[in-house]
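[1] The sequence and its predicted three-dimensional model are supplied below.
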Amino acid sequence: ETVIDLYRKSGLNKIILYVPGLFCDEKLWMKLAEEDMGIGDYFFNLGYYPIYIRYNQGAHISVNGKDLHELLAKLFAIEPNLPLNIITYSQGGLVLRSALYYAKQNSAAYLSKLQKVFIISSPNGGSYIEKIGFWAGMAMQASPFFILKIIGFVGNLRSDAIKDLSHGIIREEDWKLGNQLFRYRSEQYFGELDAIDAYQAFSLAGESDNLFQSFFGDGIIEKWSIESLTEKVFNKKPNPESRTLKLLGKNHFQILNAPELITFIEKNLGVG
């Protein structure tokens, strides 16, 4: 049976496709402990059939983006009027944006059929965590001590996905630049969300929005990176005041269990 067969048998008439982040799978969306919100479980109880996907989290983001684009095209080929919403988390937001980029390049018919898209804590401009690893590795490779050179070389043998994540790279041609230093100059947004009914949510780890947050952001992603599409994309859409949820005092991992996030998604889905 295909996922569309299972959806049809469920008797539900709405769908949410969930795209997880790095080192995550479908458990990310489930209530595993009393303090967990369980986004997937919550919206299933409100009548949204869940489609949980996995992807090769070590592969280039553009590779996963192309695969997701093909999956979406297949789903709509089977069910042209699929009532599909999408929720992504962290790296999953980059994978979705990559899929939408390739869909736009191929004039995919399903683009106009997507319903609501939610991008949660996405490193749209990259993540300092990976950059620190890169520069530390470069410094060690420059050391006159052989053992540090070896450690630095091994340290820079990170996965393709991690290297892309460092700079928010979603296109194949950008990672093919080869020298990672050139990626600091690459553009990161290509209009892939312009025609999409999209919303974003993110958190900042501190209790106040101050200069300290400019670097540490949510503890994983810098503030400028996590907010990089706010003015460029979300504030240009209709009703911009409803497009962005910013939570203070929660880190990259705590946002998924925030009641405010559930309320934000629920309101913009038009539930109730």
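    Received it, and whenever you're ready, just let me know what you need.
[2] Ranking helices and strands of the chain by mean pLDDT, which lands last?
    In the chain, no helix or strand scores lower on mean pLDDT, DSSP states H and E than helix 146-155, which sits at a mean of 38.
[3] Moving C-terminal from that helix, which element do we reach first?
    Counting by DSSP states H and E, the next helix or strand C-terminal to helix 146-155 is helix 160-167.
[4] for that following helix, packing partners?
    For helix 160-167, the elements it packs on are helix 61-78, helix 91-105, helix 128-141, helix 172-175, judged by 3 or more C-beta pairs under 8 Å, 6 or more residues apart in numbering; DSSP states H and E. For every residue, glycine as well, the C-beta is placed using N, CA and C.
[5] and the last one, what other elements does it pack with?
    Judged by 3+ C-beta pairs under 8 Å, 6+ apart, helix 172-175 is in contact with helix 61-78, helix 160-167.
[6] gap between the residue positioned nearest the centre of the chain and Ile265?
    In the chain, the C-alpha nearest the mean C-alpha coordinate belongs to Gly93, at 1.6 Å (C-alpha atoms, centre = their mean). Applying C-beta to C-beta, to the nearest Å, the value for Gly93 to Ile265 is 14 Å.
[7] Just give me the neighbour total for Glu26.
    Applying other C-beta atoms under 10 Å, we find 14 residues neighbouring Glu26.
[8] okay but it is in contact with Arg54, surely?
    Yes: contact criterion C-beta atoms under 8 Å: Glu26 and Arg54 qualify, at 7.3 Å.
[9] what's the overlap in contacts for these two?
    Both Glu26 and Arg54 are contacted by Pro20, under the criterion C-beta atoms under 8 Å, 6 or more residues apart in numbering.
[10] Quick check: which of the helices and strands packed on helix 160-167 is nearest to Ala161?
    Ala161 sits nearest to helix 61-78 of all these, at 6.1 Å, using C-beta to C-beta.
[11] Only the buried residues of the closest one, if you could.
    For helix 61-78, burial by neighbour count (16 or more other C-beta atoms under 10 Å) applies to 61-69, 71-73, 75-76.
[12] just to revisit the earlier point, any chance of the helices and strands packed on helix 160-167 in TSV with distance to Ser121 and mean pLDDT as columns?
    Compiled in TSV, the helices and strands packed on helix 160-167 are given as follows (distance: least, C-beta to C-beta, whole Å; pLDDT from 0 to 100):
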stretch	distance to Ser121	mean pLDDT
helix 61-78	16	97
helix 91-105	8	97
helix 128-141	13	46
helix 172-175	22	88
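[13] a markdown table for those helices, including distance to Leu248?
    Shown next, in a markdown table, are the helices and strands packed on helix 160-167 (distance: least, C-beta to C-beta, whole Å):
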| stretch | distance to Leu248 |
| --- | --- |
| helix 61-78 | 29 |
| helix 91-105 | 20 |
| helix 128-141 | 19 |
| helix 172-175 | 32 |
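[14] For Tyr189, find the nearest of these.
    helix 91-105 (8.1 Å).
[15] Can you give me the buried ones in that closest one?
    By 16+ other C-beta under 10 Å, the buried positions in helix 91-105 come out as 91-104.
[16] and of these, the nearest to Lys246?
    Checking the buried residues of helix 91-105 against Lys246 by C-beta to C-beta gives Gly93 as the nearest, at 15.4 Å.
[17] From what I see, that closest one and Gly125 are in contact.
    No: if you go by C-beta under 8 Å, Gly93 and Gly125 don't touch, sitting 11.6 Å apart.
[18] any idea how far Ala77 is from the residue nearest to Pro80 when sequence neighbours are not counted?
    Take Pro80 and drop its neighbours on the chain: the residue closest to it by C-beta to C-beta, 6 or more residues apart in numbering is Lys113, 7.6 Å away. Noted for Lys113: a distance of 11 Å to Ala77, by C-beta to C-beta.
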